[in-house]
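S.K.: With the sequence up front, the predicted model follows.
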Amino acid sequence: MYKAKNVDTDKALEYINESRRYQERAETLAITSAQKYHEGIRKGLDIAEEIFTCSNCESKSGTYQDGVLDVIYELAKDLDVESQDIRNSGDSVDGMCAAFADRIREAFEEAKEVKQK
């Protein structure tokens, strides 16, 4: 093996290897940083796309409002209370629930009055 004169080759080789390790760490950090940056951009684009596609509005699995309408229907059927007009009203979910709650109260009050007579 060749050794240069007037140069501490062991120190020079140690410095070269240390520089190589530093460069590998810097490369790994830069790659990771770039991957995180691009991952953030992809997530941002996904969110922007969701704004324009309204995936929950056109879902075939049903919406929250569909679930509420089903519950009102089933409760009305079991309690023998009319609910078709409430479900067809086009009111908000909260409005339909409030109207249905009033209707149930009225039905129970009528039943209570009948029992008292």
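M.R.: Yes, it's here.

S.K.: from the chain's centre, how far out does stretch 84-98 sit?
M.R.: Mean-position distance between stretch 84-98 and its chain equals 27 Å (C-alpha atoms, centre = their mean, to the nearest Å).

S.K.: how about that stretch: buried residues?
M.R.: 86, 87, 96 (16 or more other C-beta atoms under 10 Å). C-beta: built from backbone N, CA, C; applies to glycine.

S.K.: pLDDT on the helix or strand in which residue 38 is found, on average?
M.R.: Residue 38 is part of helix 9-53, with elements assigned from DSSP states H and E. Regarding helix 9-53, the rounded mean pLDDT is 89.

S.K.: name the helices or strands packed onto the following helix or strand past that helix?
M.R.: Using DSSP H and E, the helix or strand that follows helix 9-53 towards the C-terminus is helix 64-79. Packing partners of helix 64-79 (3 or more C-beta pairs under 8 Å, 6 or more residues apart in numbering; DSSP states H and E): helix 84-87, helix 93-116.

S.K.: Any figure for the gap between residue 22 and residue 16?
M.R.: Residue 22 sits 11 Å away from residue 16, going by C-beta to C-beta, to the nearest Å.

S.K.: Oh, that last question was meant for residue 108, not what I typed.
M.R.: In terms of C-beta to C-beta, residue 108 sits 88 Å off from residue 16.

S.K.: same deal with residue 67?
M.R.: When residue 67 is compared with residue 16 (using C-beta to C-beta), they lie 68 Å apart.

S.K.: And for residue 84?
M.R.: In this view, residue 84 and residue 16 are 84 Å apart by C-beta to C-beta.

S.K.: sorry, back to before: does anything pack onto the helix holding residue 38? Which helices or strands?
M.R.: Packed against helix 9-53, as judged by 3+ C-beta pairs under 8 Å, 6+ apart, are no other helices or strands.

S.K.: End to end on stretch 71-86, go ahead and measure it.
M.R.: Start and end residues of stretch 71-86 are separated by 12 Å (C-alpha to C-alpha, to the nearest Å).
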